[in-house]
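Enquirer: the sequence and its predicted three-dimensional model are supplied below.
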Amino acid sequence: MESNMKNIVADENLKWIFVGGKGGVGKTTTACTLALLIAKSRPEKKTLIISTDPAHNTSDTFDTKLSSSPELIKGTDNLYGMEVDPTASQSSVPNFGGEDEQEQEEIRNYMGKLFNNLPGMDEAFAYVEVMKLIKENKYETVIFDTAPTGHTLRLLDFPNIIQNGLNKFLEIRDMINPMMNMMGPMLAAQSGNDFDYEKMNKKLDDLVPLVQEIKSQFQDPTKTTFVCVCIAEFLSLYETERLIQKLCELEIDSKNIVVNQLIKDSDGVTSKMVFESKQKIQNKYIAQYENLYSDFYLVKLPLLDKEIRGTNLLTSFSNLLTSSTNPTNSIQEPILDNKKLKWVFVGGKGGVGKTTTSCSVALRLAKERKNVLLISTDPAHNTSDAFNQKFSKEPTQVKGFDNLFCMEISADISKSQMPDSVLDSLEQSSDFLTMGKKLLTEMLGSCPGIDEAMAYYEIWRLVTSMNYDIVVFDTAPTGHTLRLLNFPNILEESLEKMIKFKQKMGSMVTTLTSMLGAEQVGVDIKNLFDQCEEYLPAIRKIKEEFKDPEQTTFISVCISEFLSLYETERLIQQLAKLEIDCQTLCINQLVVNDDQSEALYNHRLKQQKKYLEQIDDLYGEDFHITEMPILPQEIRGLEQLENFGKLML
């Protein structure tokens with residue numbers, strides 16, 4: 001098959017093009033370049049690029065400030081861009097409760113915060129945008145610049161989740177229709193609103209064919225395709241393999257792989273050219289890091305001429321975290337010497353070396369502490385690959401260590417895996433509730449945001465049982481991690497609202513229970529409210545510990561490039577708003593000297609040859625494999641994107 005992207009650019013029937021892969025492989029650059037090529041090839045038609053990653057980079061790449069509504073990209077006539085924003089305006093939030101204006105305003109403010117901060121809202125709102133686009137049909141082609149692999153797969157599986165949920169919900173609706181027809185006027189009077197049950201039913205019925213249409217289009221290879229972006233490294237290749245397998249399960253077409261950041265020796269590129277340019281760029285941004293974060297611990301780590309996998313190499317790398325004689329360039333003071341520290345979050349932009357850093361920090365802490373737990377909260381887990389050891393959702397001892405354990409948060413939920421209290425109130429027999437329990441457990445396992453929710457549940461378990469001296473988190477890329485860290489605030493406010501309105505809600509349900517009979521309803525309302533009051537102290541304890549710099553800190557991992565610098569700045573600002581300590585930056589992948597440059601160049605040529613051969617063996621017959629070179633400059637702005645695009649064709 002052709003080794004370029006002409007097949008996609010020339011196919012005018014394609015409506016939906018998803019561009020995704022592991023963090024840091026050049027997804028945004030590839031998506032923006034592809035969108036530009038398609039727009040230029042169809043000057044009479046509108047093309048739209050949508051960023052679904054909560055840590056958006058499309059604005060930075062195009063040098064155009066984008067918003068949550070489609071806007072024309074500067075310098076183009078028919079290319080539009082938008083960045084999905086789950087922020088809900090107060091006007092879009094419906095009325096809840098009575099007629100009290102202050103109460104209505106309070107609830108709208110709360111619902112707005114909930115929509116903006118709840119894990120999974122990015123994927124949910126991206127799906128809402130797809131629904132709008134199908135109904136409006138304004139754009140000929142839509143390109144998605146997606147979040148890293150795990151969260152993107154949840155977005156693509158969302159049509160199945162919604163369809164299954166709707167089908168189950170409609171079954172429940174049919175069961176309770178007679179009751180609701182009788183109860184509708186009473187509920188309207190109780191809530192102070194116009195409760196139009198027939199109107200709600202019609203909206204549900206209208207939604208079914210739209211969801212089916214989205215699913216049908218996503219599974220139609222003439223209308224939808226997925227471009228897998230990777231680099232010639234083990235972790236990226238392994239994640240690409242898992243991604244393609246999952247796309248097959250979802251019946252989503254994928255016949256294009258873009259391999260980025262290759263050294264093309266035949267093009268006359270020399271080690272001196274490549275790495276002199278890299279050093280020039282990195283020195284520029286190191287100076288900016290030092291200027292912006294002069295009061296931080298800046299740990300500078302070299303780009304090595306080998307892949308860091310396995311305990312031995314990770315241990316060697318971990319020693320670099322404390323190798324500097326300058327205490328401000330070491331994790332010794334902020335991390336190792338702080339014996340009160342309980343929670344260490346390691347995060348940053350995709351592809352900057354978060355997993356390597358978090359594993360190394362955990363190894364280093366294992367020398368200082370009694371028991372250390374490393375938790376991966378990224379749905380596309382890499383900790384097993386980094387240690388060359390299979391981990392699961394339960395803490396597993398790392399080979400070669402007595403006091404280091406690792407686990408990977410699993411979003412696969414069955415009733416037995418859920419917190420005991422979640423369904424305790426639904427244990428009584430009732431056809432309605434049996435179906436409700438089944439629906440809940442089926443939908444939760446694949447729902448966007450479930451990874452962050454389950455990660456928070458594990459934190460809650462650890463707080464209540466704390467068998468480890470210290471816990472290190474290998475987190476998902478920036479946007480999703482910020483949602484996890486803000487989860488205690490959202491949960492606390494939600495429980496406070498439930499407790500505050502308990503009397504009003506309780507009286508409404510009591511009326512319903514008395515009419516139907518307690519056995520038929522099968523829900524112990526008092527028990528539910530009692531559980532809210534029981535959980536609140538534990539949630540406040542987590543929130544308090546997260547805001548205590550002696551107990552919690554965040555290590556921001558970055559590289560010396562514009563997008564990473566910019567995302568790090570936004571991350572640190574958000575952490576400050578959340579009152580979470582961050583005083584350590586690890587700047588990864590630095591080229592230090594000419595001797596290192598030559599060794600790196602030779603290693604990279606050897607490594608990419610090995611993995612390109614594997615990619616060709618796996619996908620050469622069935623995929624278009626486009627090989628893209630590493631360039632001596634950063635790719636930003638239309639001119640450089642156009643030049644990059646010429647290499648794709």
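Expert: Great, that's in hand. This structure is a prediction, so every number in the text was calculated from the model and none was measured.

Enquirer: I figured Arg154 hits Ala476, correct?
Expert: No: counting by Cβ atoms under 8 Å, Arg154 sits too far from Ala476 to count as a contact (11.5 Å). Quick note: C-beta positions are derived from backbone N, CA and C, even for glycine.

Enquirer: more neighbours, the two?
Expert: Remark: of Arg154 and Ala476, Ala476 carries more neighbours, 31 against 24, as counted by other Cβ atoms under 10 Å.

Enquirer: how far away is the more buried one from Lys646?
Expert: For Ala476, the distance to Lys646 (Cβ to Cβ, to the nearest Å) stands at 34 Å.

Enquirer: same check, this time on Leu298
Expert: Distance from Leu298 to Lys646, by Cβ to Cβ: 38 Å.

Enquirer: between those two, which has more neighbouring residues?
Expert: Leu298 (18 against 9).

Enquirer: and that one, what pLDDT?
Expert: With respect to pLDDT, Leu298 scores 94.

Enquirer: who touches it in this structure?
Expert: Contacts for Leu298 (Cβ atoms under 8 Å, 6 or more residues apart in numbering) come out as Tyr289, Glu290, Thr328, Asn329, Leu585, Ile587.

Enquirer: so which of the residues you listed are in helices?
Expert: Among the contacts of Leu298, the members falling in helices (DSSP state H) are Tyr289, Glu290.

Enquirer: who wins on neighbours among the contacts of Leu298?
Expert: Counting by other Cβ under 10 Å, top hit in the contacts of Leu298: Ile587 with 26 neighbours.

Enquirer: next up, the contacts around that residue.
Expert: Ile286, Tyr289, Leu298, Val299, Lys300, Leu301, Cys558, Ile559, Ser560.

Enquirer: ok, those vs Ile17, which is closest?
Expert: Ile559 (27.6 Å; Cβ to Cβ).

Enquirer: return a PyMOL selection command for the buried portion of the contacts of Ile587.
Expert: Filtering these down to the buried ones (16 or more other Cβ atoms under 10 Å) takes a single PyMOL command:
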select buried, resi 286+289+298+299+300+301+558+559+560
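
Enquirer: filter the contacts of Ile587 down to just the ones in helices.
Expert: Ile286, Tyr289.

Enquirer: just give me the closest of the contacts of Ile587 to Ala31.
Expert: Ile559 (19.9 Å).

Enquirer: pLDDT at that closest one, what is it?
Expert: 90.

Enquirer: in the sheet, who's paired with it?
Expert: Asn588 (DSSP bridges).

Enquirer: show me what contacts it?
Expert: Gln282, Lys349, Gly351, Val352, Gly353, Ile587, Asn588, Gln589.

Enquirer: repeat that for 7 Å
Expert: Ile559 is in contact with Val352, Ile587, Asn588, Gln589, counting by Cβ atoms under 7 Å, 6 or more residues apart in numbering.

Enquirer: if I look at it, how far off is Asp622?
Expert: Separation of Ile559 from Asp622 (Cβ to Cβ) stands at 33 Å.

Enquirer: burial of Val344, as a residue count?
Expert: Count around Val344 with other Cβ under 10 Å applied: 24.

Enquirer: hmm, I typed the wrong one, I wanted Gly351.
Expert: With other Cβ under 10 Å as criterion, Gly351 counts 25.

Enquirer: and for it, nearest residue in space, chain neighbours not counted?
Expert: Residue nearest to Gly351 in three dimensions, not counting chain neighbours: Gly24, with 0.8 Å by Cβ to Cβ, 6 or more residues apart in numbering.

Enquirer: before we move on, what SS does that neighbour have?
Expert: Look at Gly24: counting by DSSP: H, G, I helix; E, B strand; the rest coil, its state is coil.

Enquirer: tell me the pLDDT of it.
Expert: The model's pLDDT for Gly24 equals 81.

Enquirer: hmm, Lys354 and it touching each other?
Expert: No: with contacts counted by Cβ atoms under 7 Å, Gly24 stays clear of Lys354, the gap being 9.4 Å.

Enquirer: comparing the two, which shows the higher neighbour count?
Expert: Lys354 (31 against 24).

Enquirer: for that one, grab phi and psi.
Expert: phi -60, psi -50 (degrees, to the nearest 10).

Enquirer: same deal with Ile73?
Expert: Torsion angles, degrees, to the nearest 10, at Ile73: phi -70, psi 130.

Enquirer: contacting residues for the closest residue to it other than its chain neighbours?
Expert: Using Cβ to Cβ, 6+ apart and skipping residues adjacent in sequence, the residue nearest Ile73 is Leu79, 4.6 Å away. Residues in contact with Leu79 (Cβ under 7 Å, 6+ apart) are Ala35, Leu36, Ala39, Thr47, Ile73.

Enquirer: and the fourth one, how close does it get to Leu37?
Expert: Just to be clear, that refers to Thr47. 10 Å.

Enquirer: these two: which is more packed in?
Expert: Neighbours per residue, other Cβ under 10 Å: of Thr47 and Leu37, the larger number sits with Thr47, 26 against 23.

Enquirer: wait, the more buried one touches Ala35, no?
Expert: Yes: contact criterion Cβ under 7 Å: Thr47 and Ala35 qualify, at 5.9 Å.

Enquirer: what is the nearest of the contacts of Leu298 to Asp305?
Expert: Looking across the contacts of Leu298 and measuring by Cβ to Cβ, the closest to Asp305 is Ile587, at 18.3 Å.
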